[in-house]
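# My questions are about this predicted structure, shown below with the sequence.
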Amino acid sequence: DAKTTQPTSMDCAEGRAANLPCNHSTISGNEYVYWYRQIHSQGPQYIIHGLKNNETNEMASLIITEDRKSSTLILPHATLRDTAVYYCIVRPYGQNFVFGPGTRLSVLP
Amino acid sequence: NAGVTQTPKFQVLKTGQSMTLQCAQDMNHEYMSWYRQDPGMGLRLIHYSVGAGITDQGEVPNGYNVSRSTTEDFPLRLLSAAPSQTSVYFCASQGTFSTDTQYFGPGTRLTVL
């Protein structure tokens, strides 16, 4: 299984874009990139996922590099409620999700 | 839809006691799973089920039993609670095992004294 590397923590000013990086240099062709977040010990919440094309939904955008070895989750206008731990997960088709320690994002007023 | 529900929200046990954590989903999802999360850590998979009557072990199955008699319910049983099982337990479900995303319940906070 591909492993992911994320920074332990990041800060972002309220109203600015939050760009959360994730390295997955050993990703293989059938592995999807998923992003979840966990707000203060609540259950993790799905944000977005993609295979190789960039994706956008009402919550965020996912930018995957052409070689698929890294990706960036973008929260376009971060609010205080976006303070959470963000998990980048590379999941092979038909396999379980494996959660790492994630990135703790603090949105500052 | 209520989504994924878990009961109880909080529980305190004494060492050696047994109990069942309940999980139910009303989305007709095939796949359900149980995770535990220790302080400051990511989630670790305990057991999972790809459909009624089918269960399998995850990363940390010891000390836990599961069964899946219906599509809706996936209870987690602690056979003889130990302090090392103090954790937050999350149940999740997804439509199909292969491609769908997971939806999580609110969690059960368990303390074993």
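Happy to help now that I have it.

# which SSE is residue 48 in?
The chain I'm using is chain A. Taking DSSP states H and E as the definition, one finds A:I48 inside strand A:45-50.

# ah, I was thinking of chain B
Secondary structure assignment for B:Y48, by DSSP H and E: strand B:43-51.

# Any part of that strand near chain A?
Yes - legend: contact between strand B:43-51 and chain A by Cβ under 8 Å from any Cβ of the partner chain is shown at B:43-45, B:48. Quick note: C-beta positions are derived from backbone N, CA and C, even for glycine.

# which of those residues tops the neighbour count?
Most neighbours among the residues of strand B:43-51 next to chain A, by other Cβ atoms under 10 Å in any protein chain shown: B:L43, with 27 neighbours.

# Next one, pLDDT for it please.
Model confidence at B:L43, expressed as pLDDT, equals 92.

# swap in B:T99?
64.

# got the residues of chain A near chain B?
Near chain B, the residues belonging to chain A are A:32, A:34, A:36, A:41-46, A:49, A:87, A:93-94, A:96-102 when assessed by Cβ under 8 Å from any Cβ.

# re the thing from before, does anything pack onto the strand holding B:Y48? Which helices or strands?
Applying 3 or more Cβ pairs under 8 Å, 6 or more residues apart in numbering or on different chains; DSSP states H and E, one finds that strand B:43-51 contacts strand B:31-37, strand B:54-57, strand B:64-66.

# What segments of chain B are strands?
B:4-7, B:10-13, B:19-25, B:31-37, B:43-51, B:54-57, B:64-66, B:76-78, B:87-94, B:103-104, B:108-112 (DSSP state E).

# Pick the most buried one from those strands.
Here the criterion is mean neighbour count by mean count of other Cβ atoms under 10 Å in any protein chain shown, and of these the winner is strand B:31-37, at a mean of 25.

# which other helices and strands contact it?
Where contact means 3+ Cβ pairs under 8 Å, 6+ apart, strand B:31-37 is packed against strand B:19-25, strand B:43-51, strand B:87-94.

# Show me the strands paired with that strand, marking each as parallel or antiparallel.
For strand B:31-37, the paired strands and their directions (DSSP bridges) read strand B:43-51 (antiparallel), strand B:87-94 (antiparallel).

# and B:P8, which of these is closest to it?
Counting by Cβ to Cβ, B:P8 lies closest to strand B:87-94 out of the strands paired with strand B:31-37; the figure is 10.5 Å.

# Would you mind putting the CA coordinates of the closest one into CSV?
Included here for strand B:87-94 are C-alpha records, laid out as CSV according to Å, rounded to 0.1, in the frame of the first residue of the first chain:
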residue,chain,number,x,y,z
SER,B,87,-10.2,4.7,23.6
VAL,B,88,-12.8,6.4,21.4
TYR,B,89,-14.5,3.9,19.1
PHE,B,90,-15.9,4.9,15.7
CYS,B,91,-18.2,3.0,13.5
ALA,B,92,-18.3,3.6,9.8
SER,B,93,-20.3,2.5,6.7
GLN,B,94,-20.0,2.8,3.0
